[in-house]
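Participant: Sharing a sequence plus its predicted fold:
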Amino acid sequence: MKRGWWIAKFVLLAVVLITVVGFTIMSLWNWLVPELFHGPVITFWQGLGLLLLSKILFHSFGGKSHGNHNGGPWKHYWKKKLGGMDPEEKERFKQKMKEKWCSWDEQNPS
């Protein structure tokens, strides 16, 4: 019986949270976008659709983060690669990267 009560509480809380977030997105959109950009007014369901779209585009759906924190997915690769180099190799690597990615600084000094 206790477990069923917790599940019902969780479901109710989730529904309330989704409703509040949906109305918040709808309200913010309808307050800002038509005035600033002459865009359309949206409904509650379109607000939830925007929430879902932003979740798909900008976040992962649970599980492991895909590079948003702690250096991303390449951190361990570069740590291993640079860790095996002696100081002279590291300096050559840094210079090569600087020439490849920062050469515009030398061409257009500020």
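Facilitator: Nice, thanks for sending it over.
Participant: Now for the residue nearest to Pro40 when sequence neighbours are not counted, how many residues are close by?
Facilitator: Nearest residue to Pro40 in three dimensions, chain neighbours excluded: Pro34, at 7.1 Å (C-beta to C-beta, 6 or more residues apart in numbering). (C-beta placed from N, C-alpha, C; glycine too.) For Pro34, the count of nearby residues is 13 (other C-beta atoms under 10 Å).
Participant: Ile25: neighbour count?
Facilitator: Neighbour tally, Ile25, other C-beta under 10 Å: 19.
Participant: Name the nearest residue to it, ignoring sequence neighbours.
Facilitator: Gly47 (4.0 Å).
Participant: so is the one you found in a helix, a strand, or just coil?
Facilitator: Assigned with DSSP: H, G, I helix; E, B strand; the rest coil, Gly47 falls in the helix class.
Participant: right, and it touches Val20 too?
Facilitator: No: with contact defined as C-beta atoms under 8 Å, Gly47 does not reach Val20; the gap is 11.1 Å.
Participant: which of these two has more neighbours?
Facilitator: Ranked by neighbour count (other C-beta under 10 Å), Gly47 and Val20 place Gly47 first, with 20 against 10.
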